[in-house]
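In: All I have is the shape, not the residue letters:
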């Protein structure tokens, strides 16, 4: 009876470690698509931080900026600022999407303008 409990625990431990390993591998693969996180805010014309890069001026709070090309992904690393992204030029559209002060993600839709806001 003792041996069978030991085997069950060993099997459960092995399964748990395999699950953790798979999860870490998936996170590493996802993170590998992005460049290294750096201070500031950057908008990209492609997904996962690819394509044309536009740097957002985090010191210009509240001003609407229209992008020369639409953004499909965003990277923000700031202690106090976030981005509100809009589907239309001139900060127009049905709804804004807010990044938060630490973000590295693909956008739900193409953004054509943004505004810097306090996080």
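Out: Yep, it's here. All values reported here derive from a predicted model rather than from experimental measurement.

In: Against which helices or strands is the biggest strand by length in the chain packed?
Out: Of all segments of type strand in the chain, defined using DSSP state E, the longest is strand 102-118. Applying 3 or more Cβ pairs under 8 Å, 6 or more residues apart in numbering; DSSP states H and E, we find strand 102-118 packed against strand 40-44, strand 64-77, strand 81-86, strand 97-98. Where you see a C-beta, it was placed from the backbone N, CA and C, and this is true even at glycine.

In: With mean pLDDT and distance to residue 58 added, can I get the ones you listed in CSV?
Out: Formatted as CSV, those follow (pLDDT from 0 to 100; distance: least, Cβ to Cβ, whole Å):
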stretch, mean pLDDT, distance to residue 58
strand 40-44, 97, 6
strand 64-77, 97, 8
strand 81-86, 97, 4
strand 97-98, 96, 14
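
In: before we move on, the earlier item: could you give the angle of the longest strand of the chain to strand 40-44?
Out: 110 degrees (axes from the mean of the first three to the mean of the last three Cα atoms, to 10 degrees).

In: pLDDT averaged over strand 102-118 - what is it?
Out: Across strand 102-118, pLDDT averages out at 96.

In: can you put the helices and strands packed on strand 102-118 in a markdown table and add distance to residue 105 and mean neighbour count?
Out: Shown next, in a markdown table, are the helices and strands packed on strand 102-118 (distance: least, Cβ to Cβ, whole Å; neighbours: other Cβ atoms under 10 Å):
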| stretch | distance to residue 105 | mean neighbour count |
| --- | --- | --- |
| strand 40-44 | 11 | 21 |
| strand 64-77 | 6 | 19 |
| strand 81-86 | 11 | 23 |
| strand 97-98 | 10 | 14 |
